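J.: I would like to see how this sequence folds:
(chains A and B)
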Amino acid sequence: MNYIKHISTLALLLVFMSSIGQESQNTILSKFESGKYSIYKLNAKKKFEKVKKAWPVEINKTGDQVTSVLIKRAGILDELFEADVPGYPAYFAFKNFRISFINDYAVYYEWNGKQEATTKYILVKPGGSFSGNLETINKNVANYATATFKNQTNARANVKEQKAELAEAERKVNSLQGKAVSKIEIQLVSNPKKVAHFSDAIQYGVVATLKDGSVLKTPNLGGKIPWEDFTLSHEGSSNTIDEVRMEEDASKVPNDQIVLKVSSKYHPSLRASKNIATTNDVSIRVSQNGFYGADRAKATNRATFGASQRGGDGDQLLIKVKTVKHKQTGAPLNKIEIYNETDRKLVAQYKLTPATELTINSNGGNGQWGSDGTSSSFPNGDNGGNGGNGGNVTIIKDPSVGTLNITVNNKGGKGGKGGKRHNINGTSGSLGATGSNGNTNNQTKSVSLKF
Amino acid sequence: MKKQTVLTAILSLFLIVGISNTAEAQFGKKAKQALGLGKKAKNKKGKKGGKGGNFSSFNEETDEMGVTGEYFGLKDPKAVGFRFVKEAEGKIVNELHYFEKNGEPTMKLTMKESYYTKHQVKMFFNWRSASSSGYVEMMEVAPGVFAIITGDRSLNSYEDPIPLDATRTVVEVGAKNKADFDTWDIDTAQAKVDMLLATLKSANADKVKKKLMRFDVYKSYKGKIAFAKGTNYLRNQKANQPTEKVANFITKRELGETVAFKPYFEEPLASSHPGAWFNITYEMLGETTDREKLRKSSTKFSKNIPQIDKDQDKFYFWYPKVTINTSNNVADYAFLELLRRTQDKLQAGNTYDLKVTVWAHKDGENIDPVATGTIQLEYTTDENGTEKRLFDPIKGWITVLEDYLDE
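T.: Numbering: from 1, shown residues only, chains lettered A, B, ... in the order given. Next up, the predicted model:
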């Protein structure tokens, strides 16, 4: 009989707990009033002990909804806790602290992203009582909060809806949608000094003139027209919002200019474009060096054993150059194609002014350092790995090429340092040999390029 | 029976002595410990710390800060003396001298003048050694009440206190009037210190932002995300000095190659969204992946997508993030999942817009975007291009993710 009694009590308790879990703070706080609350704080032994002075607590409501709770800590410090989700609060927050009211008391706690609560105080309402241990309180408040989060779906959706409505209202005010627009223009935020492969981004915005003469601008020009109002279809550059960069691949800039193109989504007949001639004057460095000896396994995808690994060889490169005229300015431009014969792949296609420096690195990788002797059983240091050889670079210039500012670095990699001996019975490893320098072969003959 | 009574009496005596020794958690000793001076006291186990001096005469002195006087500790009721010294040897020094005995001060703390002149916060500090344990700070939390504070940072400059974003812990409260201890316990003093720090931090954030606006990168990218070919292009050495070069930022990259990114915020998350942490979403080809949602969807994602709960007090991420980093084979699983979901729509030769959004996130919800950016990803056609990077039968990014999820 007693057993049945216990089961029924447990069941009732579970029902009670789950009902608590489903109630928002608005419902729970209907049983609370402003007043002086008794405070229990954790002592050094992690037990709750009552504090002498009660703290004033003000519960602020709008209709049935509790909007905030003002706690006057120790009667002197104001802490205003605000509802997390108005309409269905699970807690009230002040900085990193939260309070949730449960049973006869409020739990004042910290919350972390792992859905865990760390209780700092218990605030017991006038006439209420409290007995509990830290672990249970932490668990209860965490369970309450997470269960209530699940029930906040509607309230959260309302908040989202309100936010979305506000955002939409703001968008409409600033958008060209439904407005009589006479023209749109592209305006650069500042004139770019250089327009070349790897030059700084070009920042631009859109200016719309309405039929009533008023002018609207995109945010980067100090206005508020949303970028979503426009379709972008730039050429010779990345097609990104509010800033563009010249393509790294010259074959994608066929007319030696970037063309910024913008059209209005709501007024498709309104289009704007701006042509920006390239300057092709940013120095470029192309590196196709051999790997460091220690990276041999990673670079070759093959297991290596021990230190003393040889550096990788610089790649063999074929560079073809032809001079053409800039399609907008008529100035001479070197068209440069760099092909990696080792990897059998096209590395780059550039257009550079004759004076702009192109640096080609195809140095051999350095040899790995030898390991030191480790014990009297292994007293000898390993030899350093040999350096890799520099890559051979062939430069074929078309007869049209007048000036080409090119520097080729294809030295052999340095040998790795030998490992130190462990003791007098051992020998130190020797320095690895330096790799041989690569050859640079200059030729002049008619060249055909792939771009 | 008699024997038992005597034994009980002796035991009780031991207990009383023991308790009184333990309870000797002195105000002065706390300050000493913070300064690394407490070793002697520790070694002399069993001996009492002494009664200290009598500083009641200090109460008759006046100073412009109104802090000079005799103080008692909350944990250690022993009397100590505080004296504000404005001038010494003809120079303005603005020091707080702390006395445990009559005579020479036990330590001299320097006032952080700007906190007082700009915000009326009376804060004094002292570096006894360069380690964090050698730092002590005293902050007035109410007239005649000081919080004694330790910090978690080691020395940067003897002239300055630990930075405002350091963790400060109140270890003791000192008051002229013992009755103030009814109000000012350690926790309340800590709460007041946190409040004062919040005021200082907020003013400091304005100052920091003003300084950041000197840097082109922050001026142009606040509220946005910058992308680069590697994390090295986005790093910098000193706090609040974003020296990274805008020229190294990119707007287009080969799909499957390394893309590092760094968001710059209008204001730190801790002030714009207190109690929130960061989340990142990736959008491409109509699909969106959300780190926090994925974390909660399976143990595998949970394990590989850590929560971003750092940098809430900064104007940008201290360490840049990556979608993929080929140099160390690291990737954001949320980005890989985006690739996995969109793989059937990807075509060689095409370029796709990837929108990255950094959110303020709390209680399972993305509250507000705090930085956004778009980069174009090109599906290259070379032999060793995107196809190989994504779909290599062993090492392709999508292959590896699919194999892992299928385990």
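J.: Would you confirm that B:F58 belongs to a helix?
T.: Yes. Judged by DSSP: H, G, I helix; E, B strand; the rest coil, B:F58 forms part of a helix.
J.: need the contact list for it.
T.: B:T68, B:G69, B:E70, B:G81, B:F82, B:R83 (C-beta atoms under 8 Å, 6 or more residues apart in numbering or on different chains). No exception for glycine: its C-beta is placed from N, CA and C like everyone else's.
J.: Next one: the fourth one from A:A355, what distance?
T.: Just to be clear, that refers to B:G81. 76 Å (C-beta to C-beta, to the nearest Å).
J.: for the third one, same thing?
T.: In this structure, B:E70 and A:A355 are separated by 79 Å, where distance is defined by C-beta to C-beta.
J.: neighbour-wise, which of the two wins?
T.: B:E70 (18 against 12; other C-beta atoms under 10 Å in any protein chain shown).
J.: Confirm that one sits in a helix?
T.: No. B:E70: not assigned to a helix; according to three-state DSSP it is strand.
J.: Show me what it is bridged to.
T.: B:G81 (DSSP bridges).
J.: B:E383 versus that one, what's the distance?
T.: Distance from B:E70 to B:E383, by C-beta to C-beta: 83 Å.
J.: same thing with A:A355?
T.: In terms of C-beta to C-beta, A:A355 sits 35 Å off from B:E383.
J.: Also B:T167?
T.: For B:T167 relative to B:E383 (C-beta to C-beta), the value is 53 Å.
J.: What segments of the stretch 301-450 of chain A are strands?
T.: A:317-325, A:332-340, A:345-352, A:358-361, A:393-397, A:406-409, A:440-444 (DSSP state E, counting those that start in this stretch).
J.: in its sheet, what does the third one sit against?
T.: Read that as strand A:345-352. strand A:332-340 (antiparallel).
J.: interface residues of the stretch 101-250 of chain B facing chain A?
T.: B:142, B:182-185, B:187-188, B:191-192, B:194-195, B:198, B:220, B:246-247, B:249-250 (C-beta under 8 Å from any C-beta of the partner chain).
J.: Return the members of those residues classed as buried.
T.: Neighbour-count burial within those applies to B:142, B:183-185, B:187-188, B:191-192, B:194-195, B:220, B:246, B:249-250; the criterion is 16 or more other C-beta atoms under 10 Å in any protein chain shown.
J.: among those, which are in helices?
T.: B:D187, B:T188, B:A191, B:K192, B:D194, B:M195, B:S220 (DSSP state H).
J.: CSV please, covering those and showing pLDDT.
T.: Formatted as CSV, these follow (pLDDT from 0 to 100):
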residue, pLDDT
B:D187, 84
B:T188, 88
B:A191, 88
B:K192, 92
B:D194, 88
B:M195, 89
B:S220, 90
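J.: Relative to chain A, which of the residues you listed is nearest.
T.: Of all these, chain A sits closest to B:T188, with 4.3 Å by C-beta to the nearest C-beta.
J.: where's the closest one relative to B:V170, distance?
T.: In terms of C-beta to C-beta, B:T188 sits 9 Å off from B:V170.
J.: Give me the contact list for stretch A:155-168.
T.: Contacts for stretch A:155-168 (C-beta under 8 Å, 6+ apart): A:S24, A:V85, A:P86, A:G87, A:Y88, B:E365.
J.: Now for the buried ones among the residues of the stretch 101-250 of chain B next to chain A: which two are most distant?
T.: Across those, no pair lies farther apart than B:T183 and B:I250, at 57.9 Å, counting by C-beta to C-beta.
J.: Do any residues in stretch B:382-395 lie close to chain A?
T.: Yes. Stretch B:382-395 comes into contact with chain A (C-beta under 8 Å from any C-beta), by way of B:D382, B:E383, B:N384.
J.: Same question for stretch B:363-373.
T.: Yes. Interface with chain A: stretch B:363-373 contributes B:D363, B:G364, B:E365 (C-beta under 8 Å from any C-beta).
J.: Scan those and report the most crowded one.
T.: B:D363 (21 neighbours).
J.: Is it correct that that residue is in contact with A:A93?
T.: No. Between B:D363 and A:A93 there is no contact, the gap being 9.8 Å when judged by C-beta atoms under 8 Å.
J.: Find residues that contact each of the two.
T.: What both B:D363 and A:A93 touch, as defined by C-beta under 8 Å, 6+ apart, is the set A:D84.
J.: can you count the residues close to the closest residue to A:S287 other than its chain neighbours?
T.: Excluding the flanking residues, the one nearest A:S287 by C-beta to C-beta, 6 or more residues apart in numbering or on different chains is A:N361, at 4.2 Å. When neighbours are counted by other C-beta under 10 Å, A:N361 registers 20.
J.: Give me the pLDDT for A:N361.
T.: You'll see A:N361 listed with a pLDDT of 98.
J.: Chain B versus that one, what's the distance?
T.: 17 Å (C-beta to the nearest C-beta, to the nearest Å).
J.: ok, what's across the strand from that residue?
T.: A:S287, A:N409.
J.: B:M284 too?
T.: The partner residues for B:M284, given DSSP bridges, come to B:E287.
J.: Please name the residues that touch it.
T.: B:L338, B:T342, B:Y352, B:D353, B:L354, B:K355, B:L377.
J.: Assign the third one to helix, strand or coil.
T.: Of the three states, B:Y352 takes strand under three-state DSSP.
J.: Go ahead and confirm it touches B:Q376.
T.: Yes. Counting by C-beta under 8 Å, B:Y352 touches B:Q376, with 6.9 Å between them.
J.: between these two, which one's more packed in?
T.: When neighbours are counted by other C-beta under 10 Å, B:Y352 and B:Q376 differ, and B:Q376 comes out ahead with 20 against 16.
J.: Where does pLDDT dip in the stretch 301-450 of chain A?
T.: Low-confidence segments of the stretch 301-450 of chain A, defined by pLDDT under 70, are absent.
J.: And for chain B?
T.: B:1-52.
J.: How is it partitioned into domains?
T.: B:24-209, B:213-406 (automatic domain parsing).
J.: Tell me where the stretch 101-250 of chain A has strands.
T.: A:105-112, A:116-124, A:181-188, A:202-210, A:215-217, A:230-232, A:243-244.
J.: swap in the stretch 151-300 of chain B?
T.: For the stretch 151-300 of chain B, applying DSSP E, counting those that start in this stretch gives strands covering B:168-175, B:225-228, B:252-254, B:259-263, B:277-284, B:287-290.
J.: All the helices of the chain, in order from the start?
T.: In the absence of a named chain, chain A is used. Counting by DSSP H, the helices of chain A are A:2-22, A:25-28, A:134-151, A:153-174, A:296-300.
J.: was after chain B, sorry
T.: Under DSSP H, chain B gives helices at B:2-22, B:27-35, B:39-43, B:113-119, B:186-212, B:216-221, B:269-272, B:291-295, B:299-304, B:333-342, B:386-391, B:397-406.
J.: Does anything pack onto the fifth one? Which helices or strands?
T.: Packing partners of helix B:186-212 (3 or more C-beta pairs under 8 Å, 6 or more residues apart in numbering or on different chains; DSSP states H and E): strand A:77-83, helix B:113-119, strand B:135-142, strand B:145-151, strand B:168-175, helix B:269-272.
J.: repeat that with 7 Å
T.: strand A:77-83, helix B:113-119, strand B:135-142, strand B:145-151, strand B:168-175 (3 or more C-beta pairs under 7 Å, 6 or more residues apart in numbering or on different chains; DSSP states H and E).
J.: swap in the fourth one?
T.: The criterion is 3+ C-beta pairs under 7 Å, 6+ apart, and the helices and strands that helix B:113-119 contacts are helix B:186-212.
J.: Contacts only, for residue 138.
T.: Using chain A here. Shown in contact with A:N138 (C-beta atoms under 7 Å, 6 or more residues apart in numbering or on different chains): A:A117, A:T118, A:T119.
J.: Sorry, I should have been clearer: chain B.
T.: B:M138 neighbours (C-beta under 7 Å, 6+ apart): B:L96, B:L109, B:F124, B:F146, B:A147, B:I148, B:I149.
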